[in-house]
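*Asks:* Need a 3D model of the following:
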Amino acid sequence: MPTSGRLGLALSGGALKASAHVGILSALNKLGIYPDVVAGTSAGSFVAAAYAHGLRSDDFAEVLSRFPGRKLLDYGFPLTSALWNLLTDPLRKRGHVPRLPNGLLRGRRLQRYVSSVLQQVPPRGATIPFHVIATDLWTGKPVSFTNDDNAIAQGLGQPIDDLAQVIVASCSLPGIFTPVNLSPWLLADGACRHYVPVRVLQDVGCEKVIAVNLYRLDDSWAPQSFAHVLSRSYDILLQDAVENDMTGPNVYVLAPDVGNFTWVSFDQMENGVRAGEAAVHRHKEEIKAFLERPLLRKEAGRKPQSPRFSPAPSLHINGQSAVHR
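*Replies:* Below is the predicted model:
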């Protein structure tokens, strides 16, 4: 359907809840709505990259039906790793780079899985620009990896050498997954800075953005230990960051009902797809009106006032990059 302005689609993090993104994309496409640019954080980055490379509802259904679930969990022995570093650090030379301690999960199996899925995409590569958002633990800044030449030239993104690696970096929740050492960055979950990656889409010229937010503060919270209190504190901080990510009159927010999902809801991902489809169907008239209305002046033609993303040197490990043509 016709829209007034370039359309971006921002897919939030959310672990297994990201199956709802598949339903969102399928339902939007059935309405004739196709984003010009997609961006994803954490699990949303995997869906965004796969969609940009041509995967559609039938392809995603096959991917979900073969999802290996618990087989992706490769324990990292973080306490053993940390103890080894403490014992051996005094023996190393001054000025050395410390050995990176493991997270609860190594993430190696996840990277192999992502690589295997991406090998099934059409050989022509991405058909639309996409952005994968990670966080640099050295600087605390977000890093956007993209296939868009124009964004790279403007300093709004870094070229991609290994797509599976940067997707895993975007998914690497600190403490759970081992951070990804991709010099000059030490990368972790993009949700540390942008849970819903709206800003990068605005910065690259998307006048309108549909933001898919899978985060919701649990209103049935009942603390049973100090860990629950600490987790709740993190959730409250995250909620504030999520709200800041989605500000602006030219942003339309979709929030599928996936509140019953957990970290191990491997058997509920089809329900996630249906929840995404239902969210679009429930609000389809609002979405159409949002896309058809004229741009509001406050946000029209918005340009970045200062660099929000890490201006680190471009990444060309093997002299190659996945570039949008």
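
*Asks:* check which helix or strand covers residue 235.
*Replies:* Assigned by DSSP states H and E, residue 235 belongs to helix 226-245.

*Asks:* Quick check: which helices or strands does that helix pack against?
*Replies:* Judged by 3 or more Cβ pairs under 8 Å, 6 or more residues apart in numbering; DSSP states H and E, helix 226-245 is in contact with no other helix or strand. The C-beta positions use only the backbone N, C-alpha and C, and glycine is treated the same way.

*Asks:* Same question for that helix: list its buried residues.
*Replies:* In terms of neighbour count (16 or more other Cβ atoms under 10 Å), helix 226-245 has its buried residues at 238, 242, 245.

*Asks:* nearest to residue 163, of the residues you listed?
*Replies:* Each of the buried residues of helix 226-245 was scored against residue 163 by Cβ to Cβ, and residue 245 proved nearest at 23.5 Å.

*Asks:* where in this structure is pLDDT low?
*Replies:* 1-4, 74-103, 107, 121-124, 262-265, 297-325 (pLDDT under 70).

*Asks:* circling back to that earlier point, make a markdown table from the buried residues of helix 226-245 and add distance to residue 30 to it.
*Replies:* Output for the buried residues of helix 226-245, formatted as a markdown table (distance: Cβ to Cβ, whole Å):
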| residue | distance to residue 30 |
| --- | --- |
| 238 | 32 |
| 242 | 27 |
| 245 | 27 |
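
*Asks:* ok so, going back, now do the buried residues in the helix or strand that the helix holding residue 235 is followed by.
*Replies:* Per DSSP H and E, the first helix or strand lying C-terminal to helix 226-245 is strand 251-254. The neighbour-count check on strand 251-254 (16+ other Cβ under 10 Å) flags 251, 252, 253, 254 as buried.

*Asks:* Excluding chain neighbours, what is closest to the first one?
*Replies:* It stands for residue 251. residue 209 (4.9 Å; Cβ to Cβ, 6 or more residues apart in numbering).

*Asks:* Shouldn't the one you found be within a strand?
*Replies:* Yes. Counting by DSSP: H, G, I helix; E, B strand; the rest coil, residue 209 is found in a strand.

*Asks:* hey, what's it bridged with?
*Replies:* Counting by DSSP bridges, residue 209 is bridged to residue 8, residue 251.

*Asks:* Tell me how many other residues crowd it.
*Replies:* 28 (other Cβ atoms under 10 Å).

*Asks:* Who are the contact partners of it?
*Replies:* 7, 8, 9, 10, 198, 201, 202, 248, 250, 251, 252 (Cβ atoms under 8 Å, 6 or more residues apart in numbering).

*Asks:* rewinding a little: alpha carbons only: can I get the helix holding residue 235 in CSV?
*Replies:* The C-alpha coordinates for helix 226-245 follow below in CSV (Å, rounded to 0.1, in the frame of the first residue of the first chain):
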residue,chain,number,x,y,z
PHE,A,226,17.2,-11.2,46.3
ALA,A,227,17.7,-12.3,42.7
HIS,A,228,14.1,-11.5,41.9
VAL,A,229,14.6,-8.0,43.4
LEU,A,230,17.8,-7.5,41.3
SER,A,231,16.0,-8.7,38.2
ARG,A,232,13.1,-6.4,38.8
SER,A,233,15.4,-3.4,39.2
TYR,A,234,16.9,-4.2,35.8
ASP,A,235,13.5,-4.6,34.3
ILE,A,236,12.4,-1.1,35.5
LEU,A,237,15.6,0.4,34.0
LEU,A,238,14.9,-1.4,30.8
GLN,A,239,11.3,-0.2,30.7
ASP,A,240,12.5,3.4,30.8
ALA,A,241,15.0,2.8,28.0
VAL,A,242,12.3,1.1,25.9
GLU,A,243,10.0,4.0,26.3
ASN,A,244,12.7,6.4,25.2
ASP,A,245,13.5,4.3,22.2
